[in-house]
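Participant: sequence? don't have it. structure:
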């Protein structure tokens, strides 16, 4: 068993690598540009929403108040007329990218800590690179990649988008695995 404190370098190093790789993927490579579609008649829809002063949050529409109401004729009529959807509302103004990037880096660190924990409990000191790579990479891929499936299952995200995030997760998992394999205690 390896002490978690002995793994601070691969924890921080893999978080930095994943953070840098995600920046390259999302800013320089074009394949995520089609992740979101533009609303038809966007200006009219935005004007209509603006008039309601919707506070930031996550909304489902139409929404009923109880399971009993799900069978009511009024609710069923709303479902049949549509639209049905989810809406995320952010605060007005320029997005605060520093906040989002800071949260993303913190997430990368948290993933790396859990990868370190799992790997340290299943792989002995001095284990060969490939075995460390397999364990750390699997744990990282589960966090960075597979975790996105719920959005396609429950939130209507296209499976094509989720497959792109799985690819990203595979890249991040391999980078994490490589860092852990390289810096694994002898």
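Facilitator: Yep, it's here. Keep in mind it's a predicted model, so treat the numbers as computed, not measured.

Participant: residue at max distance from the center of the chain?
Facilitator: For the chain, the largest distance from the centre (Cα atoms, centre = their mean) belongs to residue 73, which lies 37.0 Å off.

Participant: Just the pLDDT at that one, thanks.
Facilitator: At residue 73, the pLDDT value in this model is 93.

Participant: for residue 96, same thing?
Facilitator: 93.

Participant: Tell me the spatial nearest neighbour of the residue most central in space within the chain, not counting adjacent residues.
Facilitator: By Cα atoms, centre = their mean, the chain has its centre lying nearest to residue 148, at 5.8 Å. Nearest residue to residue 148, sequence neighbours excluded (Cβ to Cβ, 6 or more residues apart in numbering): residue 165, at 4.1 Å. For every residue, glycine as well, the C-beta is placed using N, CA and C.

Participant: Just confirm that neighbour is within a helix.
Facilitator: Yes. Counting by DSSP: H, G, I helix; E, B strand; the rest coil, residue 165 is found in a helix.

Participant: how far away is it from residue 172?
Facilitator: 10 Å (Cβ to Cβ, to the nearest Å).

Participant: Tally up the residues packed near the residue nearest to residue 148, please.
Facilitator: 20 (other Cβ atoms under 10 Å).
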